[in-house]
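Engineer: sharing a sequence plus its predicted fold:
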Amino acid sequence: MTEKNTKSALAEFFAHDHDALDVHLDLIDFDDPSSALPALSEFHRRLERHIVWEEDVLFPAARRVAPGYIDGPIDVMRREHREIRARKAEALERLRGGDGAGARERIGVMRAVMREHTAKEERVLYPLCDQLLSDAEAGRILRLLESSPA
Ligand SMILES: [Fe+2]
Ligand SMILES: [Fe+2]
């Protein structure tokens, strides 16, 4: 019997990154497309890092210890990631064309999807991952993510 991870460490790590992403978005001034473009590009980089952490590290680890058990929720998360990425790409495209209002509108749509998405992760998926993975495995994942470039 493996020792279980009871400290919510993964849920806390990922929820903290959600908060950091939110703060980053709050600070973007879409009235000034020339400053908004680099700021949104940086948000894009940070969000892609977060999604890769989930899709390439966290979800596969949970799948390995409980094959089939959370495939449904993971598929929903992956579908929502595609939706979020599409709206983000549209916003970047508008900013490149100097359209700050259009970018703000697309980001508004993206944030509505993200709000629902991150709530599901924080309430259901991350706690499940913490429950399924042992302390040793959760620790290994956290060390890996914390050592990735900022
Ligand atoms: Fe996600
Ligand atoms: Fe997330």
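Structural biologist: Happy to help now that I have it. Ligands and ions are numbered 1, 2, ... in the order given.

Engineer: list the buried residues in the longest helix seen in the chain.
Structural biologist: Ranked by residue count and defined by DSSP state H, the top helix of the chain is helix 71-96. Of all the residues in helix 71-96, those buried under the rule 16 or more other CB atoms under 10 Å are 73-74, 77, 80-81, 84, 87-88, 90-92, 94-95. No exception for glycine: its C-beta is placed from N, CA and C like everyone else's.

Engineer: nearest to residue 7 among those?
Structural biologist: Residue 7 lies nearest to residue 73 out of the buried residues of helix 71-96, by CB to CB, at 21.5 Å.

Engineer: need the contact list for that closest one.
Structural biologist: 120, 124, 125, 128 (CB atoms under 8 Å, 6 or more residues apart in numbering).

Engineer: now swap in residue 59 and tell me
Structural biologist: Neighbours of residue 59 in contact, by CB under 8 Å, 6+ apart: 70, 74, 77.

Engineer: follow-up on the earlier one: continuing past the longest helix of the chain, what's the next helix or strand?
Structural biologist: helix 100-120 (DSSP states H and E).

Engineer: give me the contact list for the helix or strand following that next one.
Structural biologist: Sequence order places helix 126-132 as the next helix or strand after helix 100-120, per DSSP H and E. Residues from elsewhere that reach helix 126-132, judged by CB under 8 Å, 6+ apart: 4-11, 14-15, 58, 61-62, 65-66, 69-70, 73, 138.

Engineer: now do helix 126-132, average pLDDT.
Structural biologist: In this model, helix 126-132 has an average pLDDT of 95.

Engineer: any idea how far that helix is from the chain center?
Structural biologist: 16 Å (CA atoms, centre = their mean, to the nearest Å).

Engineer: now swap in stretch 56-65 and tell me
Structural biologist: 15 Å.

Engineer: could you give the mean pLDDT of that stretch?
Structural biologist: For stretch 56-65, the per-residue pLDDT averages 96.

Engineer: for residue 89, give its distance to residue 127.
Structural biologist: Applying CB to CB, to the nearest Å, the value for residue 89 to residue 127 is 31 Å.

Engineer: likewise residue 76?
Structural biologist: With CB to CB as the criterion, residue 76 and residue 127 are 16 Å apart.

Engineer: kindly report the same for residue 24.
Structural biologist: For residue 24, the distance to residue 127 - CB to CB - is 25 Å.

Engineer: again, but for residue 117
Structural biologist: For residue 117 relative to residue 127 (CB to CB), the value is 15 Å.
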